[in-house]
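Engineer: Okay, sequence plus prediction incoming.
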Amino acid sequence: MAQKPSSFGTFEAFEKDLKSSFEDPNKQRNAQIALSNTRQGLQETAEAFFQRFELNRRAAGYTTGYDQYLMELLERNLKNDIVRTIYSQDLPGDYAGWKKKAIQLDQQGRRLRSMFPTTQSRGQYVPRPQNQNITPAIPQKTGGAQTFPGLGQPMDIDRRREERSCYKCGVKGHIARFCRGGQTQQQTRAVEVMEQQPKTAEELQAEKKARAEDIRAKMEQMNAELKELDF
């Protein structure tokens with residue numbers, strides 16, 4: 001008597017149907033979305049990128065017959081420099097060729113960068129610091145007399161000074177401001193006696209006024225002498 005086949009079929013088929021009944025119906029759709037969003041990072045190698053890409057590709061069900069769509073995803077999700085280099089050469093005709101070419105170019109680029117590292121890119125703009133402390137220029141001191149622009153040489157100034165006479169004592173070689181012989185001994189003694197006596201308020205006020213006038217007169221005399229010396 002022949003044995004009738006079970007209505008449930010084989011055990012493997014039963015197990016497959018059981019698993020599919022409990023699986024997420026949107027799992028494949030979610031995997032397809034994840035695959036389209038799988039992009040290569042800035043520092044990520046092409047090999048690491050394709051490891052993630054392959055996992056999502058299998059989960060999305062794109063095993064065979066989807067090369068054109070997969071190549072479009074690689075054009076969009078690989079790094080721009082790799083895609084430009086691939087387009088500058090002979091374009092691969094399938095997904096496997098794109099994968100192989102991308103990994104090869106990425107390895108070559110990393111090898112070249114390790115052989116010829118660059119510390120700073122050319123043409124990089126470096127901003128100038130604000131509020132710089134500028135040290136003013138200081139005239140250098142030398143062993144001789146210091147000169148200033150437009151004032152002449154020291155020897156010329158000394159020669160002109162020697163040719164003029166002091167208006168107080170009449171002696172050549174100095175000006176009135178540095179004169180030591182312009183007063184007689186009697187005048188000096190009179191001043192000393194006056195300074196020893198106590199002074200009234202009126203005398204002090206008059207003395208201050210006289211000193212101010214004397215200072216003003218000396219300043220005018222000094223300016224006149226400087227003009228005569230062409231200062």
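Structural biologist: Good, I have the coordinates.
Engineer: Residue 69 is in contact with residue 61, isn't it?
Structural biologist: No. Assessed by CB atoms under 8 Å, residue 69 is found out of contact with residue 61, at 11.8 Å. (Each C-beta comes from the backbone N, C-alpha and C, glycine too.)
Engineer: The chain - how does it break down into domains?
Structural biologist: Residue ranges for the domains of the chain, per automatic domain parsing: 11-115, 154-228.
Engineer: lowest-confidence stretch among these?
Structural biologist: Lowest mean pLDDT within these: domain 154-228, a mean of 68.
Engineer: what kind of secondary structure is residue 169 in?
Structural biologist: Using DSSP: H, G, I helix; E, B strand; the rest coil, the three-state assignment for residue 169 comes out as coil.
Engineer: count of residues packed around it?
Structural biologist: Using other CB atoms under 10 Å, residue 169 has 14 other residues around it.
Engineer: Quick check: it vs residue 53, distance?
Structural biologist: Between residue 169 and residue 53 the distance, using CB to CB, to the nearest Å, works out to 107 Å.
Engineer: Then residue 63?
Structural biologist: On the measure of CB to CB, residue 63 and residue 53 end up 13 Å apart.
Engineer: and if you look at residue 32?
Structural biologist: As judged by CB to CB, residue 32 and residue 53 stand 13 Å apart.
Engineer: of those two, who's got more company?
Structural biologist: Each of residue 32 and residue 53 had its neighbours counted (other CB under 10 Å), and the higher figure belongs to residue 53 (23 against 16).
Engineer: Which secondary structure element is home to the more buried one?
Structural biologist: Counting by DSSP states H and E, the secondary-structure element that holds residue 53 is helix 46-60.
Engineer: which element follows that helix toward the C-terminus?
Structural biologist: Trace forward from helix 46-60 with DSSP H and E and the next one is helix 67-77.
Engineer: What lies in contact with stretch 86-99?
Structural biologist: The contact list for stretch 86-99, computed with CB atoms under 8 Å, 6 or more residues apart in numbering, reads 50, 66, 67, 70, 71, 74, 100, 101, 102, 105.
Engineer: Count the neighbours of residue 103 for me.
Structural biologist: The local packing count at residue 103 equals 16, with neighbours defined by other CB under 10 Å.
Engineer: Show me what counts as buried in the helix ranked longest in the chain.
Structural biologist: The residue-count maximum for a helix in the chain (DSSP state H) belongs to helix 201-228. Within helix 201-228, the residues that qualify as buried are residue 225, counting by 16 or more other CB atoms under 10 Å.
Engineer: on contacts alone, who are the packing partners of it?
Structural biologist: Helix 201-228 makes packing contacts with no helix or strand when contacts are defined by 3 or more CB pairs under 8 Å, 6 or more residues apart in numbering; DSSP states H and E.
Engineer: Output stretch 45-60 as CSV - backbone C-alpha positions only.
Structural biologist: Written as CSV, here are the backbone C-alpha positions of stretch 45-60 (Å, rounded to 0.1, in the frame of the first residue of the first chain):
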residue,chain,number,x,y,z
THR,A,45,38.6,52.7,3.4
ALA,A,46,36.8,51.3,0.3
GLU,A,47,37.1,47.8,1.8
ALA,A,48,35.3,48.8,5.0
PHE,A,49,32.6,50.5,2.9
PHE,A,50,32.0,47.4,0.7
GLN,A,51,31.7,45.2,3.8
ARG,A,52,28.7,47.3,5.0
PHE,A,53,27.4,47.6,1.4
GLU,A,54,27.5,43.8,0.8
LEU,A,55,25.6,43.1,4.0
ASN,A,56,22.8,45.5,3.1
ARG,A,57,22.8,44.2,-0.5
ARG,A,58,22.1,40.6,0.5
ALA,A,59,19.5,41.7,3.1
ALA,A,60,17.8,43.7,0.4
